[in-house]
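1. Mind looking at a prediction? Sequence and model below.
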Amino acid sequence: MANWQTLDELQDISADLPRFTLAFTELSTRLGLDIAPLMADHISLRCHQNATAERWRRGFEQCGELLSENIINGRPICLFRLHEPVCVAHWKFHVVELPWPGEKRYPHEGWEHIEIVLPGDPFTLNARALALLADDGLSQPGIVVKTSSPKGEHERLPNPTLAVTDGKVTVKFHPWSIEEIVASERLE
């Protein structure tokens, strides 16, 4: 299988990775978030057009396997397991989330967020995630905190999300890994 960084269909996101890495490092620093001990299980893209999502899908199909395809919050989202990882900071991501465009318009097409797993009670996720972030970081201009509970059609696990963004990149916290969520979808 091909390395994702060598595929024509994925050249734009290969070129976008240094921008994302720098922006994510800057966001982590602003938030006082020590990423070293944290487990991040996947990285996600954003795009504005279906044609872009379809091109990226064709690329990922050449360098990995489709783990899941589901409708979440009204739009298709594919998860791919890559043979060669996407490297950001000390993390090596083998799972990429590829959502089709939704109603929200993102400022940039390319890498958008990393999802960190904080195992434990889903009902205490917000408190546990906020405890990792500096109060002065959260109160800075442009920093937005959002909570949600995305749910796939067949998902069985409660999967609340706490997201923190500076408008350029986002860090999201979940109580379950994406692998656990996908496994829960298959329990029929």
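-> Yes, it's here. Predicted model only: the values in this text are computed from it and were never measured.
2. The protein: strands as residue ranges?
-> 39-46, 64-72, 75-88, 91-99, 110-117, 144-148, 161-165, 170-174 (DSSP state E).
3. Relative to residue 20, tell me which of those strands wins on proximity.
-> Of all the strands of the chain, it is strand 110-117 that lies closest to residue 20, at 3.7 Å by CB to CB. In short, each C-beta sits where N, CA and C put it, glycine included.
4. Please save the CA atoms from the closest one in PDB.
-> Output of strand 110-117 as PDB, limited to C-alpha atoms (Å, rounded to 0.1, in the frame of the first residue of the first chain):
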ATOM      1  CA  GLY A 110      -7.400  20.500   5.800                       C
ATOM      2  CA  TRP A 111      -6.400  19.200   9.200                       C
ATOM      3  CA  GLU A 112      -8.700  20.600  11.900                       C
ATOM      4  CA  HIS A 113      -8.600  18.700  15.200                       C
ATOM      5  CA  ILE A 114      -7.100  16.000  17.400                       C
ATOM      6  CA  GLU A 115      -9.200  13.900  19.700                       C
ATOM      7  CA  ILE A 116      -7.800  13.000  23.100                       C
ATOM      8  CA  VAL A 117      -9.100  10.100  25.100                       C
END
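5. and it, which strands flank it?
-> strand 39-46 (antiparallel), strand 170-174 (parallel) (DSSP bridges).
6. where in this structure is pLDDT low?
-> Along the chain, the parts satisfying pLDDT under 70 run over 150-156, 187-188.
7. count of residues packed around residue 161?
-> Counted with other CB atoms under 10 Å, the neighbours of residue 161 add up to 17.
8. Same question for residue 1.
-> Residue 1: 11 neighbours (other CB under 10 Å).
9. so it touches residue 83, yeah?
-> Yes: using CB atoms under 8 Å, residue 1 is in contact with residue 83, at 4.8 Å.
10. any residues in contact with both of those two?
-> 63, 64 (CB atoms under 8 Å, 6 or more residues apart in numbering).
11. Residue 27: how many residues sit nearby?
-> Neighbourhood size, residue 27 [other CB under 10 Å]: 22.
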